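# Quick one: sequence and predicted model below, then my questions.
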Amino acid sequence: MIVLSKEKLSIQKEQDVVLFRNRIKELATKIGMSLVNQTKLITAASELVRNMLRYGGGGITHLEIVSKNSIPGVRLVFADEGPGIKDVTLAMKDGYSTGKSLGLGLPGAKRLVNEFDIKSEPGKGTTVTIIRWKNGL
Amino acid sequence: MERIPILKMGPFLLVTIQVDLYDRLALTLENDLINMVSKTEAKGVLIDISAVSIVDSFMGRILGNIASMSKIMDAATVVVGMQPAVAITLVELGLTLAGVHTALDVEQGMELLRNKIGQIDTDEEGLYDSFI
Amino acid sequence: MNKESAAALKGKKKQILDTWMSNQTKDAALRDDLMSVAELQQQSEEFLNSLLKAFASSQAENPDSAGYEPIHDILSEISISRARQGFSPRETSAYILSLKEVLSQMLEERYKEDTTVLYREIISMNKIMDSLSLVTTETYIKGREEVILRQTSEMSEISTPVIRVWEGILALPIIGTLDSARTQVVMEALLEEIVATGSRIAILDISGVPTVDSLVAQHLIKTVSAARLMGAECIISGIRAEIAQTIVHLGIDLTNIYTKATLASALKMSFSMLNIQVSKAAQNGQIGSKQNFGF
Ligand SMILES: Nc1ncnc2c1ncn2[C@@H]1O[C@H](COP(=O)(O)OP(=O)(O)O)[C@@H](O)[C@H]1O
Ligand SMILES: [Mg+2]
């Protein structure tokens, strides 16, 4: 896999999210991703960026166009230095929430993308990486 | 502060969401709508989301909340015009919007609401009859 | 390539990159539809870094050694993507050839006092770059082949028409094997058509589908759920005995979904859902309908 372009966006408040979503849309459009796949990607990103703001106290997002076997895709990294997640397996379960919400953000985001990776260390922070390929199912 | 306008049409309230909502705006809408339902004693709430390109779990929850709260106040909620890409994504996300009625467009949504009111009226008549 | 050349080139990295970039962008053939100049710059820098590292390795003269692996990766990506975008082979190989030119200039400068070494080093560098150029050409051809293959398969793909059978009712007769990719395409088309026509009911007729596996069944169920969110209802018709058996054996739950044995009974059900009454006219036996939906 190679990286064709990369940029960073800091997310500290809710208004930053609007810009962030628009930028993902631009990247996805650029590589010719279908509307349905774009919608899935942006929705997953919306979930993860909300978690970052709400539980992680804000953080940095990386937006990249990548290419594997010449199939382009969008890779997004969400990195915060918040409290971290004690039990990641539990957090990945449908319906689990410490925030009295639906608990669909993490598991739902995973279903909406082609590749999903989460690393979290209590006291250090959380990093989630997702990729959606242009034509991925 | 930015707000989404709510229109009163006879016994119904109509909201057309023209922008992609961020969380606070959605919460304000929930608040405003419920207050309006209570103030106007509306029988139905119609939310047009045909211009919305992203509905995530937060926004989905707000729609569900509006429906549940309206129901307690005797009003039905119809969400109309959801785009196919949004619907496909919501299904994958795991949200079914139980308790929310849906229709393809405002017209069909209105028809559905009218039928609902009709149903309630006849139901109540029936109830009344059996009490006599 | 000796250590000295590798070090010399490394020292001139910035200059090499700048000249190479200006050579590349000077070439009018380079279209920046997929890649902006900034991206090309970034990619070229990455490529140059890897190449200079490989030059400095003990296996510098062997383009098949491990040090050259990342270089092959980047090259393949560039060539295939250029092939897909319709760049010519010349435009594609220009990437390496324009770099080779710059590297030659640098070596000439370094060894202007010593032509014997210069000669040896240039030959060595040329050998490496030519072999990389071959990689470009090979993957370019592979990329073109893929394009042709894809075009052929797109042509042979059976289209699945969405039919408007009645005001407010769509039918989608699915014929042939359903794999996940096709199911997805077909289902998206159906949902689009529901919006375009404002149809409240869609009949998915699967009598022409030989088998249904659990993935395809999942797609069908998801489509029904998505249609509901949009405000439309689906009926699945044409479920043959074998398919009914498979569905039950796979433990797929269709209890929340309307199913009918035939397209005709699905249509009948749609009529009653939409409160449409269709009847034969009493006198002359012509078909008519009470709601003026007649023929
Ligand atoms: N970036 C994060 N930092 C710390 N905790 C997190 C983070 N993201 C998610 N979590 C934890 O994982 C839980 C599940 O997250 P999610 O699936 O998005 O559901 P929800 O946001 O509705 O709670 C959250 O309630 C929270 O406890
Ligand atoms: Mg969440």
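Thanks, I have it. Ligands and ions are numbered 1, 2, ... in the order given.

# can you pull the contacts of A:S70?
C:76-77, C:80-81, C:84, C:143 (CB atoms under 8 Å, 6 or more residues apart in numbering or on different chains). (C-beta placed from N, C-alpha, C; glycine too.)

# one more time with 10 Å, if that's ok
Contact analysis of A:S70 by CB atoms under 10 Å, 6 or more residues apart in numbering or on different chains lists A:2, C:76-84, C:139, C:142-143, C:146.

# Same question for C:Q184.
Residues counted as contacts of C:Q184 (CB under 10 Å, 6+ apart) are A:34, A:36, A:137, B:88, C:178, C:216, C:219, C:222-223.

# Just give me the closest of the contacts of A:S70 to C:V195.
For these, the closest approach to C:V195 (CB to CB) belongs to C:R84, at 31.6 Å.

# returning to what we had before: give the buried subset of the contacts of A:S70 as a ChimeraX selection command.
Restricted to buried positions by 16 or more other CB atoms under 10 Å in any protein chain shown, the ChimeraX selection for these reads:
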select /A:2 /C:76,77,78,79,80,81,82,83,84,139,143
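
# so what's the residue in chain B that ligand 2 sits nearest to closest to, chain neighbours aside?
Relative to ligand 2, the nearest point of chain B is B:S57 (6.5 Å; CB to the ion). Distance criterion CB to CB, 6 or more residues apart in numbering or on different chains; nearest residue to B:S57, sequence neighbours excluded, is A:L104 at 4.3 Å.

# I'd say that neighbour and A:S97 touch.
Yes: in this structure, A:L104 is within contact of A:S97 by CB atoms under 10 Å, at 8.5 Å.

# follow-up on the earlier one: near chain B, which of the contacts of A:S70 show up?
The subset of those within reach of chain B, by CB under 10 Å from any CB of the partner chain, is empty.

# Please flag which of the contacts of A:S70 sit within helices.
The helices, defined by DSSP state H, take in C:76-84, C:139, C:142-143, C:146 from those.

# sorry, back to before: now the common contact residues for A:L104 and A:S97.
With CB under 10 Å, 6+ apart, A:L104 and A:S97 have common neighbours B:S57.

# between these two, who's got more neighbours?
The neighbour comparison of A:L104 against A:S97 (other CB atoms under 10 Å in any protein chain shown) goes to A:L104, with 22 against 14.

# And the more buried one, how close does it get to A:L9?
In this view, A:L104 and A:L9 are 24 Å apart by CB to CB, to the nearest Å.

# Can you add distance to C:V37 and pLDDT and give the ones in helices among the contacts of A:S70 back as a markdown table?
Below are these laid out as a markdown table (distance: CB to CB, whole Å; pLDDT from 0 to 100):
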| residue | distance to C:V37 | pLDDT |
| --- | --- | --- |
| C:S76 | 22 | 85 |
| C:E77 | 18 | 83 |
| C:I78 | 15 | 81 |
| C:S79 | 19 | 84 |
| C:I80 | 21 | 82 |
| C:S81 | 16 | 77 |
| C:R82 | 15 | 78 |
| C:A83 | 21 | 80 |
| C:R84 | 20 | 77 |
| C:T139 | 23 | 85 |
| C:K142 | 27 | 82 |
| C:G143 | 22 | 79 |
| C:E146 | 27 | 77 |
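
# Show me the residue sitting in the middle of the chain in space.
I'll assume chain A. For chain A, the residue nearest the mean C-alpha position is A:A45 (4.0 Å; CA atoms, centre = their mean).

# should've been chain B
Closest-to-mean residue, chain B, CA atoms, centre = their mean: B:T77 / 3.1 Å.

# Then it would be within a helix, right?
No: secondary structure of B:T77 (DSSP: H, G, I helix; E, B strand; the rest coil): strand, not part of a helix.

# which residues touch B:D74?
By CB under 10 Å, 6+ apart, the neighbours of B:D74 are B:37, B:41-44, B:120.

# what does C:N23 give?
Going by CB under 10 Å, 6+ apart, C:N23 touches C:30, C:94, C:97-99, C:101-102.

# helix/strand/coil for C:I203?
Under three-state DSSP, C:I203 comes out as strand.

# For burial, what's the neighbour tally of it?
24.

# Find me the pLDDT at it, would you?
pLDDT for C:I203: 97.

# Tell me, how many residues neighbour the residue of chain B found nearest ligand 1?
Of all residues in chain B, B:S57 sits closest to ligand 1, at 6.3 Å by CB to the nearest ligand atom. Using other CB under 10 Å, B:S57 has 23 other residues around it.
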